[in-house]
Structure formats: structure tokens, C-alpha cells
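Visitor: sequence first, predicted model second:
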2 protein chains.
Amino acid sequence: MEDNNSCNNDWEKRIMAIHDTMDVLSGKWKISILASLCYHGKRRFSDLLNDVKGISNKMLSKELKDLEINRLVKRTVLDTHPITVQYELTEYGKTLRTIIKHLLDWGFEHRKKIIGK
Amino acid sequence: MEDNNSCNNDWEKRIMAIHDTMDVLSGKWKISILASLCYHGKRRFSDLLNDVKGISNKMLSKELKDLEINRLVKRTVLDTHPITVQYELTEYGKTLRTIIKHLLDWGFEHRKKIIGK
DNA sequence: CGGCATCCTTCTGGATACTG
DNA sequence: CAGTATCCAGAAGGATGCCG
């Protein structure tokens, strides 16, 4: 047991890191929203409502708020008439692009494997 | 609208891919379980119960079953006394290692940013 | 040891209607 | 347009006990 301490500590840190990440990204829609902002750049509320198929305005609103709190997404109210609101990734949010890309790529391969089988 | 068709189709495929991935990986514990198997290799049920802090045996059982159905995890019953069961990543499951590593790395940086601030 | 069954509580999230 | 408010069903998930 003694000789495993460094190893166990290592795992402790890892599981904590995973947990931290999932705290921010968990939720049925967050990744999809981020993927849309990643792909489209600036995006309005109603655009996102279309991008992320199946999401309700309530959930979109809530998830965007979560993402904003975690500084992954920036919200800008435009002085148009009627009002429009623009969402985009923050610089910090953009650090998730690699992850999103990998999730995307894996999804492509997974679909090939499942459907193409 | 016409000139955007290829672009829209592209997005359709992307959002579908993301959705496919999240279908398999969503759930409060799946990533943590996979991370443990990724880090430790072969792992028994009770080991995982310790690795993934906070998980109940019921949820661990359920999540492992999901992962097994999706061919990400292999379950082996060992003929010991009393019985022990060993879980490990399948070859397919190992294709998720890159994603897990990135989630882990991001978690480290995120914690630095949040705590170290 | 590795689960499954049961009960019960909390959270998620959909539908609808309403507001500035 | 971009939300909020309310209501409600179902899923997630914890605690406990039982079983081979």
C-alpha cells in the first residue's frame, strides 16, 4: 500500500480532473450548443434553437446561462428592433474546440460502425 | 438559402455525430468509469466502486451494463471463490482514450483557472 | 463478491402560455 | 425575438436489503 501512494495520488488527481470537466460539460445539450458556436461562430438564440434539434427554449436558455456562468460563452444583446441576442465562444470556451472535434470525429466513426454494420 | 445547402448538410452531419457520441457517453459516471479502466487496465467491480468516488453499486452496475452493450467494455467472470468480475476496455473502447485524455487535461487546466484564481 | 429488487426523493426536461 | 413562469411526467439516482 505504501509503495502505491504516488500512484493513488495520481489517480485521485485524475478522477478529480474528470469530475471538474464533467461538472461543466454535463447536461444533455451543452456539447451540442458549444459545437454549434464552434462551427458557426456568432449565433442568435433562435439560430441555436434550430441548430440543436429537439431542444426547447427553456432548456436552451438554461444551458446557455450555465455556460455563461462558467465563462465558456459570451452573451451580447444587440440594439436591434426587436431585440436580438448573440452568443459566441469566449477565448476560454475555444479551448474546448479540440475536445469537441474529437467527440465529433468519434461520433462519425461510431455511426459507421453501428449503422454500416 | 440554396447556396447554403452543402453547409447545412455539413452541420446536420456534425450535430448527428455529436448526438451519437453523447448517446453513448452521457450519464453522470460513464466517463469516470472509462477513465479508471483506461488508467488501471483490468479492474474488478469493487475496485471501480472505490475508484469512482460517490457512485453507488446500483449505478455502477447500470453504467457498466450500458458500456458493455455499446461494446466499449468487456466483462469477464473469474472462477475464483468467491466470484470476482473483471472489467476492461475493449479495443473499441480504447478508441476513446484520446477523448478521455483531453477531458482530463482540460479538467486540470480548468481547476487551475478556477481554484488558482 | 457482484450484483438485483424495492422504495423513495430529486432532478431533468417537455408543453404551453405569457411578457417586454 | 428572447426569454420567463408554471405545471407536470418521467428519468436519475441514493439507501437499504436480499441472494447465489
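Guide: That came in fine, so what should we check first?

Visitor: where do the strands of chain A begin and end?
Guide: Along chain A, the segments classed as strands by DSSP state E run A:43-44, A:73-78, A:84-89.

Visitor: could I get those strands as CSV with mean pLDDT and distance to residue B:79?
Guide: Just so you know, the C-beta spots here come from the backbone N, C-alpha and C atoms, and that holds for glycine as well. Listed next are the strands of chain A as CSV, based on pLDDT from 0 to 100; distance: least, Cβ to Cβ, whole Å:
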stretch, mean pLDDT, distance to residue B:79
strand A:43-44, 96, 56
strand A:73-78, 96, 53
strand A:84-89, 97, 53
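
Visitor: indicate which one of those strands is closest to residue B:32.
Guide: Of all the strands of chain A, strand A:73-78 sits nearest to residue B:32, with 24.9 Å by Cβ to Cβ.

Visitor: okay, buried residues for that closest one please.
Guide: For strand A:73-78, the neighbour count (16 or more other Cβ atoms under 10 Å in any protein chain shown) marks A:73, A:74 as buried.

Visitor: and what of stretch A:9-22?
Guide: A:11, A:14, A:15, A:17, A:18, A:19, A:20, A:21, A:22.

Visitor: chain center to it, what's the gap?
Guide: The chain centre lies 19 Å from the centre of stretch A:9-22; the measure is Cα atoms, centre = their mean, to the nearest Å.

Visitor: kindly report the same for stretch A:16-31.
Guide: In terms of Cα atoms, centre = their mean, the centre of stretch A:16-31 is found 8 Å from the chain centre.

Visitor: closest to chain B out of the strands of chain A?
Guide: Comparison of those against chain B by Cβ to the nearest Cβ identifies strand A:43-44 as nearest, at 11.3 Å.

Visitor: quick one: strands adjacent to that closest one?
Guide: strand A:84-89 (antiparallel) (DSSP bridges).

Visitor: report the inter-axis angle for the partner strand versus strand A:73-78.
Guide: Orientation check (axes from the mean of the first three to the mean of the last three Cα atoms, to 10 degrees): strand A:84-89 against strand A:73-78 gives 160 degrees.

Visitor: now do strand A:84-89: distance to the chain's middle.
Guide: 15 Å.

Visitor: how about the strands of chain A in JSON lines, adding distance to DNA strand C?
Guide: Formatted as JSON lines, the strands of chain A follow (distance: least, Cβ to the nearest atom of the strand, whole Å):
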{"stretch": "strand A:43-44", "distance to DNA strand C": "13"}
{"stretch": "strand A:73-78", "distance to DNA strand C": "11"}
{"stretch": "strand A:84-89", "distance to DNA strand C": "10"}
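
Visitor: just so I know, which of these lies nearest residue B:46?
Guide: Of all the strands of chain A, strand A:73-78 comes closest under Cβ to Cβ, at 40.5 Å.

Visitor: now do the helices in chain A.
Guide: Secondary structure of chain A by DSSP state H: the helices cover A:5-25, A:30-40, A:45-51, A:57-69, A:91-94, A:97-115.

Visitor: any chance of those helices in JSON lines, plus mean pLDDT and distance to residue B:26?
Guide: Shown next, in JSON lines, are the helices of chain A (pLDDT from 0 to 100; distance: least, Cβ to Cβ, whole Å):
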{"stretch": "helix A:5-25", "mean pLDDT": "85", "distance to residue B:26": "10"}
{"stretch": "helix A:30-40", "mean pLDDT": "96", "distance to residue B:26": "9"}
{"stretch": "helix A:45-51", "mean pLDDT": "95", "distance to residue B:26": "19"}
{"stretch": "helix A:57-69", "mean pLDDT": "95", "distance to residue B:26": "14"}
{"stretch": "helix A:91-94", "mean pLDDT": "96", "distance to residue B:26": "20"}
{"stretch": "helix A:97-115", "mean pLDDT": "91", "distance to residue B:26": "11"}
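
Visitor: nothing else from me, thank you.
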